[in-house]
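1. Everything below, folded, please.
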Amino acid sequence: MFEIQKNQEILLENVLSVRKKMNQEELQIEIAQTAKIIEKYQAVKAGPLITSTFSVEIVNGEYLMDMEIMIPLNKPFPSDQTYKHKKIFHLVNALSCRFMGNPVGVQSTYESIIKYISDKGLQQITAFYNVYTSDNSEASLEKMIIDIYVGVNPSIL
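-> As a prediction, this is how the structure comes out:
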């Protein structure tokens with residue numbers, strides 16, 4: 001079982017952000033591409049990888065996700081058409097919950113948070129943000145740690 005924390009926040013500076021529609025394979029390619037962009041700007045990753053899924057649709061029998069990938073860096077960098085520089089990303093008034101294990105099972109954690117929001121009469125106002133706090137290598141897939149955040153309306157808290 002897990003515990004849902006209230007009044008949580010995420011505060012990041014100099015965030016590399018890319019948002020686009022992609023399938024699971026394209027997501028992995030995009031994450032690898034961000035490493036090349038970070039290297040290009042001679043920057044260093046200054047925090048965990050964060051993903052957020054805004055919507056999912058089925059196109060030609062394949063799941064297509066509208067996703068954002070964010071990575072905090074040690075310094076600013078110039079935005080281009082694909083990769084945006086966010087000086088600050090600040091999520092406040094969030095609920096959070098830690099998921100540990102194979103990410104295939106993370107859906108049940110989302111469902112539990114959604115049930116909590118409903119049971120407490122809260123209003124969700126953001127997408128879910130997944131903060132990958134552990135190494136993402138294949139060897140550690142069963143031991144992944146993902147902190148899940150979702151913003152809720154503070155006037156209802």
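2. Beta-bridge partners for the closest residue to Ser134 other than its chain neighbours, please?
-> Setting aside the residues directly before and after it, Ser134 is nearest to Ile145 in space (CB to CB, 6 or more residues apart in numbering), at 4.0 Å. Yep, even glycine has a C-beta here, placed from its N, CA and C like the rest. Note on Ile145: beta-bridge partners Met100, judged by DSSP bridges.
3. Provide a list of residues in contact with Ile145.
-> Residues in contact with Ile145 (CB atoms under 8 Å, 6 or more residues apart in numbering) are Arg98, Phe99, Met100, Tyr132, Thr133, Ser134.
4. Ser52 now?
-> Counting by CB under 8 Å, 6+ apart, the residues that Ser52 touches are Met67, Glu68, Met70, Ala127, Phe128, Tyr129, Asn130.
5. Just flag the most distant two among these.
-> Spanning the widest gap among the contacts of Ser52 are Met70 and Phe128, at 13.1 Å by CB to CB.
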